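Asks: Quick one: sequence and predicted model below, then my questions.
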Amino acid sequence: MIDEAVRASNELTARWARHACTGESTALSGAGLWPLLALLAAAAEGPGRAELQEAAGCDAAVADRGARELLEVLARGTAIDGAFGLWTRAGLPLEPWWLDAAPGGGSRGELGDAPAADQARLDAWVERHTHGQLKRMPVRIDRDTLMVLATALSIDTRWRRPFEDVPYRPAHGPWSGRELAGLRGGGTDVDLLSVADTPGGPVTLLRVEGEDDVDVHLCLAAPDRPPGEVLAAGVTALGGGHPVRPGTALIAGPDGPRAPGAELRTITSFDPTPVLHLYTVRFGVTAGHDLLARPGLFGLATVATDTRDGHFPRISRMPLKISQGRQDVTATFSARGFKAAAVTAFAAVAGAAPPQGKAPMLDVAFDRPFGFLARHRPTGLVLLAGWVADPDPWPEDGGEQPW
């Protein structure tokens, strides 16, 4: 079931990115949202069940199992901390099916008659499970709130091969003339660079390897290609949906790399081993998403409307509807590693020697807006997707920037 859950979650990430990534810096986590949609699909009846099932991309009859298995992957990760929370109003009658189906653990609780105190308690849960990267529950608690369903996801990985902090001035494109917080790296593993051949054109993919179980893939396409399409194509390519040519094939190709941002050069070198040389930029991204602003995308159109009989009879015999749905995200990419966090919630109411010889070098520069995908290496689950439109500037005092 976990393979099916990963596939469905990644498809949700790709679909969401197409709509949400329009050119500004942003980030989103389909992996944080998918388990909640799957649980709601399994608990719903009527038209809402069909809509949520389509959005979740799996059979509602087994969706709760997929949600639990995906949450277990997040909880067991070495660079990931994943948590699930469920809080219900004291006195809300809950069905036995829901008590068994919803993930257990220590994050089940009651909502009382003091919304401010409840809010503070849920905010503290967010801060604890994102290790301080986020500090507030995205939804607001009031006296009408009967249930809150939430996931928290945090990532903290160090690079296997750290970058060097350098000032960087792109010569062309929207970042030209700016002194940016550049990151320089490289090595002899040219297959960290690849190009996906997609229907909309090639997408350059650079895998930045974490020391543990998370990698970050940088995605660059032609300047006029829509950001959402670039990210969706990257997710699909990493899942095997588009052919991908590794760096060794790009060097061997008769017509050069044909990869956006990449150039094949010959350098004077004592060692003929091919070399990868790259520039990218340090960035920090924060974003907030109102999931009810796109109810059709997430299968929420029906379950966010009033009904006398309620949409979730498998949760409670009291009629329930979704009143709020939000996700907050933060991500930081630096010379030493990557940190990120996402909280998703629903609320319900009623790189010397003397030069000799030649060597090929793949030179790649992420010197204009690009995408990024944080991916759990063992399962292929895309944890976070985002777009970088405004990288960090080079600090006035220069030197290495703090982690």
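Replies: Sure thing, it's come through.
Asks: so what's the nearest residue to Val190 once chain neighbours are set aside up against?
Replies: Counting by Cβ to Cβ, 6 or more residues apart in numbering, Val190 lies nearest to Gly247, which is 3.4 Å off, once chain neighbours are set aside. The way it works is simple: take the backbone N, C-alpha and C, and place the C-beta from them, glycine included. Contacts for Gly247 (Cβ atoms under 8 Å, 6 or more residues apart in numbering) come out as Val190, Asp191, Leu192, Leu193, Ser194, Pro274, Leu276, Leu362.
Asks: Could you look up the SS state of Thr330?
Replies: Assigned by DSSP: H, G, I helix; E, B strand; the rest coil, the conformation of Thr330 is strand.
Asks: pretty sure it is touching Ala340, no?
Replies: Yes - if you go by Cβ atoms under 8 Å, Thr330 and Ala340 touch, sitting 6.4 Å apart.
Asks: Neighbour count: the two, which is higher?
Replies: Using other Cβ atoms under 10 Å as the criterion, Thr330 and Ala340 rank with Ala340 on top: 28 against 20.
Asks: so what's the nearest residue to that one once chain neighbours are set aside up against?
Replies: Nearest non-adjacent residue to Ala340, counting by Cβ to Cβ, 6+ apart: Ala331, 3.9 Å away. Applying Cβ under 8 Å, 6+ apart to Ala331 gives the contacts 27, 283-286, 338-341, 372, 374, 384, 386.
Asks: would a markdown table of those with secondary structure, distance to Asp142 and pLDDT be doable?
Replies: A markdown table is the format used below for the contacts of Ala331 (DSSP: H, G, I helix; E, B strand; the rest coil; distance: Cβ to Cβ, whole Å; pLDDT from 0 to 100):
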| residue | secondary structure | distance to Asp142 | pLDDT |
| --- | --- | --- | --- |
| Ala27 | strand | 28 | 98 |
| Phe283 | strand | 36 | 97 |
| Gly284 | strand | 32 | 97 |
| Val285 | strand | 30 | 97 |
| Thr286 | strand | 25 | 97 |
| Phe338 | strand | 36 | 97 |
| Lys339 | strand | 32 | 97 |
| Ala340 | strand | 30 | 97 |
| Ala341 | strand | 25 | 97 |
| Phe372 | strand | 36 | 98 |
| Ala374 | strand | 34 | 98 |
| Leu384 | strand | 30 | 97 |
| Gly386 | strand | 31 | 98 |
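Asks: Would you list the phi and psi of the residue nearest to Val190?
Replies: Gly247 adopts backbone torsions of phi -60, psi -40, taken as degrees, to the nearest 10.
Asks: now it: how far from His19?
Replies: 32 Å (Cβ to Cβ, to the nearest Å).
Asks: sorry, back to before: tell me which two in the contacts of Gly247 are the farthest apart.
Replies: Distances among these were taken as Cβ to Cβ; the most separated pair is Ser194 and Pro274, at 13.8 Å.
Asks: Just want to know which of the two has more residues nearby.
Replies: Between Ser194 and Pro274, Ser194 has the larger neighbour count (other Cβ under 10 Å), namely 23 against 20.
Asks: ok, and for the host helix or strand of that one, which residues are buried?
Replies: Assigned by DSSP states H and E, Ser194 belongs to strand 193-198. Going by neighbour count (16 or more other Cβ atoms under 10 Å), the buried part of strand 193-198 is Leu193, Ser194, Val195, Ala196, Thr198.
Asks: Touching that strand from outside, list them.
Replies: Defining contact as Cβ under 8 Å, 6+ apart, one finds that strand 193-198 is touched by 202-207, 233-234, 236-237, 242-247, 250, 257-260, 262, 276, 278, 362, 364.
Asks: what's the following helix or strand after that strand?
Replies: Past strand 193-198, the next helix or strand by DSSP H and E is strand 201-209.
Asks: what's the angle from that following strand to strand 193-198?
Replies: Interaxial angle, strand 201-209 versus strand 193-198 (axes from the mean of the first three to the mean of the last three Cα atoms, to 10 degrees): 140 degrees.
Asks: Sheet partners, orientation included, of strand 201-209?
Replies: Strand 201-209 has the following sheet partners, assigned by DSSP bridges: strand 193-198 (antiparallel), strand 214-220 (antiparallel).
Asks: Which positions within that strand qualify as buried?
Replies: Pro202, Val203, Thr204, Leu205, Leu206, Arg207, Val208.
Asks: Pull out the C-alpha coordinates of it and format them as CSV.
Replies: Taking Å, rounded to 0.1, in the frame of the first residue of the first chain, the C-alpha atoms of strand 201-209 are listed here in CSV:
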residue,chain,number,x,y,z
GLY,A,201,11.0,20.6,-23.3
PRO,A,202,14.0,19.5,-21.3
VAL,A,203,14.3,20.0,-17.6
THR,A,204,17.7,20.0,-15.9
LEU,A,205,17.8,18.1,-12.6
LEU,A,206,20.6,18.5,-10.1
ARG,A,207,20.5,16.1,-7.1
VAL,A,208,22.0,17.6,-4.0
GLU,A,209,22.5,14.6,-1.7
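Asks: tell me the contacts of Gly386?
Replies: The contact partners of Gly386, by Cβ under 8 Å, 6+ apart, come to Cys21, Ser25, Thr26, Ala27, Leu28, Leu231, Val285, Ala287, Val329, Ala331, Gly371, Phe372.
Asks: 6 Å instead, please
Replies: Contacts for Gly386 (Cβ atoms under 6 Å, 6 or more residues apart in numbering) come out as Ala27, Val285, Ala331, Phe372.
Asks: Verify the contact between the first one and Gly284 for me.
Replies: Put plainly, it is Ala27. No - taking contacts as Cβ atoms under 6 Å, Ala27 lies outside contact range of Gly284: 10.0 Å.
Asks: neighbour-wise, which of these two wins?
Replies: Set side by side, Ala27 and Gly284 show more neighbours around Ala27, with 27 against 16, by other Cβ under 10 Å.
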